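[1] Sequence unavailable; structure follows:
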């Protein structure tokens, strides 16, 4: 056999090298362990026990936010508690950095996050210290405000530093306050009412009487939060729910922010007045001049919703003119359409007389007053009323 050529030797060497390279395991960055973080409960720097409740709120929101990135592993709180207990260290943001580093190593954490908060008027100042367990270096992050978004903004800063990614956590829903109601300054409610001496209740607690002067409000100091205001005079006053026609006191839910002022108007009225306004669907008048062959025509389209929630459609056309047959007087030719069904009526009043007419159709009544008693003008007054409701029904 002849000796191998140099070219063949290099081919074999190349293939062998490729095989060796393929056999070497490739380390993926995505497979690396996420950064581990231990979050210690935040400390109330004011020392006021009434403000301790914020410790749990701030810590819980931060832990929830930091868990969302997927690049951080949050050490379980129970594990933190056990390690601190074994080391006889307090479960608090007051833990010194040396002790924090020791606890962090026992927990297997890359970083320790500790901090505290202090009340500044209606705001809370939150200050945190992020400690690198390996190097002992630290960095501070802080935020001031009173909303959940205040904590979310702090979380965004921490996540950007730890992961290099900008993550948006603030939202409209995060505008809710994190302060307890007793820590907030009250707001003001100004209630305007036409009713005099109506009793006013907030959350069913009596707070005063309406002034009766609709230009002078009853001014009330109310704690922030969600409330319901209600007024009561007698069983003859209140508001009506439509279309079913239900009678009750006027009431209105509202939400008040600290130091906010809101203006409310009491809608209480006498039930009979409200019923009358609901019953009267149409009222008009027109006139003609005797001896001038005068005539007029009007038309109306209207509708209402009955107590069963059904929409009732009505149209009315009236021709009003002078006539000599069978005698001189005023004549009204009526075309009334109720729910698409037309009906025609003719009414006549002789000169020098006044007559009234009334017709009921479905859930309405048509009233006419034909007055030809004056020599200078003849008048026709007409109105349409609902008949499925009536005054006094709130007492039945």
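    Cool, the structure landed. Nothing here was measured: the structure is a model prediction, and the numbers come from that model.
[2] could you pull out the strands for the stretch 151-300 of the chain?
    Applying DSSP state E, counting those that start in this stretch to the stretch 151-300 of the chain gives strands spanning 187-192, 196-202, 205-211, 218-222, 225-232, 237-241, 246-248, 251-256, 261-265, 269-270, 280-288, 295-305.
[3] Could you dump those into a markdown table and include distance to residue 345 and mean neighbour count?
    C-betas here are computed from N, CA, C, even on glycine. Output for those, formatted as a markdown table (distance: least, C-beta to C-beta, whole Å; neighbours: other C-beta atoms under 10 Å):
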| stretch | distance to residue 345 | mean neighbour count |
| --- | --- | --- |
| strand 187-192 | 46 | 19 |
| strand 196-202 | 46 | 16 |
| strand 205-211 | 48 | 15 |
| strand 218-222 | 52 | 15 |
| strand 225-232 | 46 | 17 |
| strand 237-241 | 32 | 19 |
| strand 246-248 | 35 | 14 |
| strand 251-256 | 45 | 14 |
| strand 261-265 | 43 | 13 |
| strand 269-270 | 35 | 17 |
| strand 280-288 | 16 | 14 |
| strand 295-305 | 15 | 13 |
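[4] Just tell me which of these ends up closest to residue 179.
    strand 225-232 (10.5 Å; C-beta to C-beta).
[5] quick one on the thing from earlier: ok, which of the strands of the stretch 151-300 of the chain comes nearest residue 77?
    strand 225-232 (29.4 Å).
[6] just checking, what packs against that closest one?
    Using 3 or more C-beta pairs under 8 Å, 6 or more residues apart in numbering; DSSP states H and E, the elements in contact with strand 225-232 are strand 187-192, strand 196-202, strand 251-256.
[7] Each with direction, which strands does the first one pair with?
    Its sheet considered, strand 187-192 pairs with strand 218-222 (antiparallel), strand 261-265 (parallel) by DSSP bridges.
[8] Specify the angle between the first one and strand 205-211 in degrees.
    It refers to strand 218-222. If you take axes from the mean of the first three to the mean of the last three C-alpha atoms, to 10 degrees, strand 218-222 sits at 160 degrees to strand 205-211.
[9] ok, and what's touching strand 218-222?
    186-191, 193, 200, 202, 207-211, 256 (C-beta atoms under 8 Å, 6 or more residues apart in numbering).
[10] now do the last one
    The contact list for strand 261-265, computed with C-beta under 8 Å, 6+ apart, reads 187-193, 217, 229, 252, 254, 256.
[11] And for stretch 327-334?
    Applying C-beta under 8 Å, 6+ apart, the contact partners of stretch 327-334 are 288, 316-323, 344-351, 353, 366, 368, 370, 372, 378, 380.
[12] Neighbours of residue 165, how many?
    Neighbourhood size, residue 165 [other C-beta atoms under 10 Å]: 11.
[13] Let's see the pLDDT reported for it.
    Looking at residue 165, its pLDDT stands at 86.
[14] so how far is residue 274 from it?
    Going from residue 165 to residue 274 by C-beta to C-beta, to the nearest Å gives 60 Å.
[15] that older thread, return the subset of the contacts of stretch 327-334 lying in strands.
    Under the assignment DSSP state E, the contacts of stretch 327-334 contribute 288, 316-323, 344-350, 366, 368, 370, 378, 380 to strands.
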